[in-house]
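Engineer: model this:
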Amino acid sequence: MAARSRRARTEDVHALALGMPHVTVYQGPRENPIYQVGGKSFVFFRTPRPDAVDPDTGERYPDVIMFWVTSEADKQALVQDPASPFFTTPHFDGHASVLVRASRIGELTVQELAEVIQDAWLARASPARAAAWLDAQS
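Structural biologist: Numbering: from 1, shown residues only. Okay, the predicted model is just below:
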């Protein structure tokens, strides 16, 4: 199986985010990685929060990753399908981002994950950096 079509793993999130240009990684309050471009987060490993909980037990999910998206339409495209690993919570109403549990990242291929991370980066990069990266891709 080609590397891009295999099932994604959490380590792919790190590798793909770091593979984008001008990226810095910061450690959050619990050593959770926060990937930024130009001082703006685009992939954020969240600490357990009261808005993302197991519906059966009420326990906070310990493995939520947030990805920025370019628009509300893109967000809805990712979260509307109940079978999708992406979700949102009322806390993120009006926020251009989606959530996914690391335990479900394998429902995506590496190529699908790469597209989500690239879009997240493009949503947060400066127009000049975004244009330069897009030009380099063609």
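Engineer: buried residues in stretch 84-96?
Structural biologist: Within stretch 84-96, the residues scored as buried using 16 or more other Cβ atoms under 10 Å are P85, F86, F87, T88, F92, A96. Bear in mind the C-beta positions are built from the backbone N, C-alpha and C, glycine included.
Engineer: Filter the residues you listed down to just the ones in strands.
Structural biologist: Of the positions in the buried residues of stretch 84-96, F86, F87 sit in strands, assigned by DSSP state E.
Engineer: of the buried residues of stretch 84-96, closest to Q137?
Structural biologist: A96 (22.0 Å; Cβ to Cβ).
Engineer: Helix, strand, or coil at the residue nearest the centre of the chain?
Structural biologist: Nearest to the geometric centre of the chain sits F67, at 2.7 Å (Cα atoms, centre = their mean). Judged by DSSP: H, G, I helix; E, B strand; the rest coil, the three-state class of F67 is strand.
Engineer: can you check the one 10 residues further on too?
Structural biologist: Look at A77: counting by three-state DSSP, its state is helix.
Engineer: measure it to D119 for me?
Structural biologist: 11 Å (Cβ to Cβ, to the nearest Å).
Engineer: Need the worst-confidence member of the buried residues of stretch 84-96.
Structural biologist: Among these, F92 carries the weakest pLDDT, at 90.
Engineer: Quick check: nearest residue in space to it, chain neighbours excluded?
Structural biologist: Once flanking residues are discounted, F92 sits nearest to L99: 7.1 Å by Cβ to Cβ, 6 or more residues apart in numbering.
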